[in-house]
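In: Requesting a structural model of the entry that follows:
(chains A and B)
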Amino acid sequence: MADSPSIEQKELEDAILAATGHVDGVIEGGTIARGEPVITVDHVGMVFNIANEQLTNLKEYFIKILRRELFFREFTALQDINITINKGDQYGIVGTNGSGKSTLLKIIAGVLEPSRGTCTVRGTIAPLIELGAGFDAELTARENIYLNGSLLGYSREFIDEMFDDIVAFAEIGDFIDMPLKNYSSGMVARIAFSIATATTPDILIVDEALSVGDFLFQKKCEDRINAMVNDAGTTLLFVSHSIDQVETLCNKALWIEKGEQRMAGDVADVCEAYRALGSE
Amino acid sequence: MAKEVAQSKSLKHNLFILRTLVSKDFKLKYRRSVLGVLWSVLNPLLMMIVLTAVFSYMFKFDIENFPLYLILGNILFTMMANSTTSAMMSIIEAAPLIKKVRVEKIIFPLEKVLFELVNFAISLIAVVCVLVYFQILPSPLLLFMPLLLVYVVIFCLGLGLILSSIAVFFRDTVYLWGVVITAWTYATPLFYPVSMLADWMKVAMEFNPMYHYVTYFRDIAMWNIMPSLNENLICLGMALITLLVGIFVFRKLERKFILYV
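Out: The predicted structure follows:
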């Protein structure tokens, strides 16, 4: 075993190289001037096959084929979405529940692949939509920070360097070597937020559902997000169905309804149109 | 140029994720057990004692150093069985992750296989114990072991990739594979000699990759037989074909994983 790593490492690298060759849609950031497009969503459509989602065993599959029920139900979550988000924009996405906001975010974050069209992203993304990916309740906070950090794209050196800051921001102090299952959910969320925002990303995706910890900590989160947007020139992508929040935070907005793009452009215009929906 | 930098960066980064995941699995495996990692050594030893007791009593196989014969076959086969089984579940279990972050999905089955490789390495201590107990001198041919492990890891990864991607769409695979592994255990000469098989079975055995790997292992570890170039090529060929099929299937299906997990 001891004398094998060179050969194995090679195999492993080959396998991963083959794997990483496929990353499309993300172009390394470098320096992008303010006003240049960082996210280009071009004719993006997303279709889920509902029938497929329920079939997880062979018996059902064959029965459905025999009954000719297969592949008949399609659900269009997004249809022909076209937006360009420039560097330094604060871009809001509004829409009622189930209108496809989260689907669009997942496509931009690179988690979902659009069925039609393309989505090009330049620079690093910090998606604050699903915090704490890969957290394991049995592991300690320290171990989870490394695990989650690696999945968010941080290097070991970076985490080593930022470790104290992450812990300090989350205010977990002495509990750092305690398994995560003994933490309260608020504490877990604090750690998750703290890791996710340890870096200053080019693009920050924030979901309104992001309400972390108590009001004091929420204030702290908001300050941190504001600092990134105002000082570091981070592009903000903010999702909400609250019009007021979007109006105060953003300068541009997109309104999607039942997967269709209703309007995109200046925040005031879009919000006005969206408001009118309530008085219809 | 910039693209190359980005790629080597993501390669290095994927290795970091791999290492973090392997160490996580390792920590979780033995958490709360008193003997901890010692179990990776004890398990094959105890298994060997049980099997030796059973088989020397019930069948009288004419195999020199039967316990050693058993443990070599057993740990190598266990590595294959465990790594393919856990690789098969890896994508399904990583569902929360796959839905949340953009991550190279091939990492998950690969990680499981590497984790089992680590376990295998630890269980080699058990082999050393057996060698010492029976006062057998280790052969210099053991230097071939890294080569054998490369073959087996490639083979297991290939199988793991196929299984993990099919299991996402048909959970039946999970139940079926348990049966296949059991059948495969008996179809591989782990506790009986190949010589007792009928002629047609010996021919069929040539198509069993695990037969080749187990024999290779015993050749270098107990029989002092230098594996021929031909044998090496067969072992490598079987592994590479499996891996290629695996990568092909996985690449073909991975885009749809998120919709099914």
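In: alpha carbons only for contacts and neighbour counts from here, please
Out: Will do.
In: Contact residues of chain B facing chain A?
Out: Within chain B, the positions near chain A by Cα under 8 Å from any Cα of the partner chain are B:2-3, B:6-7, B:10-11, B:13-14, B:16-17, B:20-21, B:24, B:28, B:96-104, B:106-107, B:121, B:145-147, B:150, B:154, B:168-172, B:255, B:258-260.
In: Mark which of the residues you listed are buried, thanks.
Out: Listed as buried from the residues of chain B next to chain A are B:7, B:10-11, B:13-14, B:16-17, B:20-21, B:24, B:96-104, B:106-107, B:121, B:145-147, B:150, B:154, B:168-171, B:258-259; burial here means 16 or more other Cα atoms under 10 Å in any protein chain shown.
In: what's the model's confidence in stretch A:113-133, averaged?
Out: Mean per-residue pLDDT for stretch A:113-133: 84.
In: is that stretch anywhere near chain B?
Out: Yes. Residues of stretch A:113-133 contacting chain B under Cα under 8 Å from any Cα: A:113, A:130, A:133.
In: Tell me which of the buried ones among the residues of chain B next to chain A fall in helices.
Out: B:7, B:10-11, B:13-14, B:16-17, B:20-21, B:24, B:96-100, B:107, B:121, B:145-147, B:150, B:154, B:168-169, B:258-259 (DSSP state H).
In: Pretty sure A:Ala133 is one of the things A:Asn148 touches, is it not?
Out: Yes. With contact defined as Cα atoms under 8 Å, A:Asn148 counts as touching A:Ala133 (6.1 Å).
In: Pull the contacting residues for B:Leu70.
Out: B:48, B:51-52, B:190-191 (Cα atoms under 8 Å, 6 or more residues apart in numbering or on different chains).
In: Most neighbours among those, which one?
Out: Per-residue neighbour counts (other Cα atoms under 10 Å in any protein chain shown) across the contacts of B:Leu70 peak at B:Met48, which has 24 neighbours.
In: got the buried residues for the helix or strand hosting that residue?
Out: Using DSSP states H and E, the element containing B:Met48 is helix B:39-58. By neighbour count on 16+ other Cα under 10 Å, the buried set for helix B:39-58 is B:39-41, B:44-45, B:48, B:51-52.
In: shaky segments in chain A?
Out: Applying pLDDT under 70 to chain A flags residues A:1-32, A:50-57, A:64-73, A:208-213, A:241, A:279-280.
In: List the contacts of the residue nearest to the spatial centre of it.
Out: When Cα atoms, centre = their mean is applied to chain A, the residue found nearest the centroid is A:Pro127 (3.2 Å). Going by Cα under 8 Å, 6+ apart, A:Pro127 touches A:109, A:196, A:204-206.
In: Just put the residues you listed in a markdown table and tack on secondary structure and distance to chain B.
Out: Shown next, in a markdown table, are the contacts of A:Pro127 (DSSP: H, G, I helix; E, B strand; the rest coil; distance: Cα to the nearest Cα, whole Å):
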| residue | secondary structure | distance to chain B |
| --- | --- | --- |
| A:Ala109 | helix | 7 |
| A:Ala196 | helix | 11 |
| A:Leu204 | strand | 14 |
| A:Ile205 | strand | 13 |
| A:Val206 | strand | 14 |
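In: a markdown table please, covering those residues and showing neighbour count.
Out: Listed next are the contacts of A:Pro127 as a markdown table, based on neighbours: other Cα atoms under 10 Å in any protein chain shown:
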| residue | neighbour count |
| --- | --- |
| A:Ala109 | 24 |
| A:Ala196 | 25 |
| A:Leu204 | 25 |
| A:Ile205 | 21 |
| A:Val206 | 20 |
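In: For the helix holding B:Met48, name the packing helices and strands.
Out: helix B:66-93, helix B:107-133 (3 or more Cα pairs under 8 Å, 6 or more residues apart in numbering or on different chains; DSSP states H and E).
In: highest average neighbour count across these?
Out: Mean neighbours per residue, mean count of other Cα atoms under 10 Å in any protein chain shown, is largest over the helices and strands packed on helix B:39-58 for helix B:66-93, with a mean of 23.
In: so it versus helix B:107-133, what angle?
Out: Orientation of helix B:66-93 against helix B:107-133 (axes from the mean of the first three to the mean of the last three Cα atoms, to 10 degrees) gives an angle of 170 degrees.
In: Just give me how far stretch A:248-259 sits from the chain centre.
Out: In terms of Cα atoms, centre = their mean, to the nearest Å, the centre of stretch A:248-259 is found 17 Å from the chain centre.
In: Could you pull up the residues touching residue 203?
Out: This is for chain A. A:Ile203 touches A:123-126, A:234-237, counting by Cα under 8 Å, 6+ apart.
In: that's the wrong chain, I meant chain B
Out: Applying Cα under 8 Å, 6+ apart, no residues contact B:Val203.
In: From chain A, how far off is it?
Out: 31 Å (Cα to the nearest Cα, to the nearest Å).
In: Spatially nearest residue to the most centrally placed residue in chain B, not counting backbone neighbours?
Out: In chain B, the centroid-proximal residue (Cα atoms, centre = their mean) is B:Met80; its distance is 2.5 Å. In space, and not counting its chain neighbours, B:Met80 is closest to B:Cys156: 6.0 Å by Cα to Cα, 6 or more residues apart in numbering or on different chains.
In: what's the helix or strand where that neighbour lies packed up against?
Out: Per DSSP H and E: B:Cys156 is located in helix B:145-169. Here helix B:145-169 touches helix A:5-20, helix B:66-93, helix B:107-133, helix B:172-187, helix B:209-218, helix B:229-260, going by 3+ Cα pairs under 8 Å, 6+ apart.
In: Would you mark the buried spots in the last one?
Out: By neighbour count with 16+ other Cα under 10 Å, helix B:229-260 contains the buried residues B:232, B:234-236, B:238-240, B:242-244, B:246-247, B:249-251, B:254, B:257-259.
In: And the contacts of the helix holding B:Met48?
Out: With Cα under 8 Å, 6+ apart as the test, helix B:39-58 has contacts from B:61, B:66-67, B:70-71, B:74-75, B:119-120, B:122-126, B:191.
In: 6 Å instead?
Out: With Cα atoms under 6 Å, 6 or more residues apart in numbering or on different chains as the test, helix B:39-58 has contacts from B:67, B:71, B:123, B:126.
In: Turn those into a markdown table, including pLDDT.
Out: As requested, the contacts of helix B:39-58 are exported to a markdown table (pLDDT from 0 to 100):
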| residue | pLDDT |
| --- | --- |
| B:Pro67 | 89 |
| B:Ile71 | 92 |
| B:Ser123 | 92 |
| B:Ala126 | 92 |
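In: quick one: which two of those are the most distant?
Out: Farthest pair in the contacts of helix B:39-58 (Cα to Cα) is B:Pro67 and B:Ser123. Separation: 14.7 Å.
In: How many residues are close by A:Arg275?
Out: A:Arg275, neighbours per other Cα under 10 Å, totals 12.
In: how near is it to chain B?
Out: When distance is defined by Cα to the nearest Cα, A:Arg275 is 31 Å away from chain B.
In: ok, and the closest non-adjacent residue to that residue?
Out: A:Ile243 (7.6 Å).
In: Ok, A:Val121 next?
Out: A:Ile39 (4.6 Å).
In: And the one helix or strand the one you found maps to, what does it pack against?
Out: If you go by DSSP H and E, A:Ile39 is part of strand A:37-49. Applying 3 or more Cα pairs under 6 Å, 6 or more residues apart in numbering or on different chains; DSSP states H and E, one finds that strand A:37-49 makes contact with strand A:74-86, strand A:116-122.
In: For these, give me JSON lines that also has distance to A:Phe62 and mean neighbour count.
Out: Formatted as JSON lines, the helices and strands packed on strand A:37-49 follow (distance: least, Cα to Cα, whole Å; neighbours: other Cα atoms under 10 Å in any protein chain shown):
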{"stretch": "strand A:74-86", "distance to A:Phe62": "19", "mean neighbour count": "18"}
{"stretch": "strand A:116-122", "distance to A:Phe62": "29", "mean neighbour count": "20"}
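In: How about the contacts made by the nearest residue to A:Cys119 once chain neighbours are set aside?
Out: Nearest in space to A:Cys119, with sequence neighbours left out and distances taken as Cα to Cα, 6+ apart, is A:Val41 at 4.5 Å. Going by Cα under 6 Å, 6+ apart, A:Val41 touches A:82-83, A:119.
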